[in-house]
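Asks: here's a sequence, model it:
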Amino acid sequence: MNIVGSTVVFTVDDLADSRHFFTVYLGFREVLGNPELSWLSRDDAAVDILLNQRDLEQPHERIALTVVAFAVTDLVGEYARLQAAGAPITRHLWCSPWGERQLRLTDPNGIVVELTEWIVPGGHPDLS
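Replies: Residues are numbered from 1 along each chain as shown. Model prediction:
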């Protein structure tokens, strides 16, 4: 088997809000869209995202916390850009002792997006 692509599928209550979040703040573009779904992609190594509109007539299933993580470069610069754009940052930039810089955003339907950049372990550069 040779996997040639990957897609993460999310079922959301408000398709337009999630589409806006991923296109405006994270640079995805809509490849296919209709009132029931939105297929989003990027030109880099990011996984594709398929957003499905939840059938609002059906009972709401209990869903576990959904997190999609992207390894990025220049996270300090991205953090400044996201702040200036008014992105919904739910965990501000922080560094771990094991060599990881992270921040989290949460889309209007509760999808958590974690942006991570690997740094020198123990190195805590200026985050201002």
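Asks: and for the host helix or strand of Ser38, what's in contact with it?
Replies: Per DSSP states H and E, Ser38 falls inside strand 37-41. For strand 37-41, contacts defined as CB atoms under 8 Å, 6 or more residues apart in numbering pick out 7, 15, 18-19, 22-23, 28-33, 48-53. C-beta coordinates here come from the backbone N, C-alpha and C atoms, glycine included.
Asks: same question for stretch 108-115.
Replies: Stretch 108-115 is touched from outside by 10, 12-14, 17-18, 20-21, 26, 63, 65-70, 72, 75, 78, 88, 90, 102-107, with contacts defined as CB under 8 Å, 6+ apart.
Asks: before we move on, what about stretch 67-85?
Replies: By CB under 8 Å, 6+ apart, the residues outside stretch 67-85 that reach it are 8, 24-26, 46-47, 49, 89, 92-93, 101-103, 105, 111-118, 125, 127.
Asks: hey, where'd the strands end up in the chain?
Replies: Remark: strands assigned in the chain by DSSP state E are 7-12, 29-34, 37-41, 48-53, 67-71, 89-96, 100-106, 112-118.
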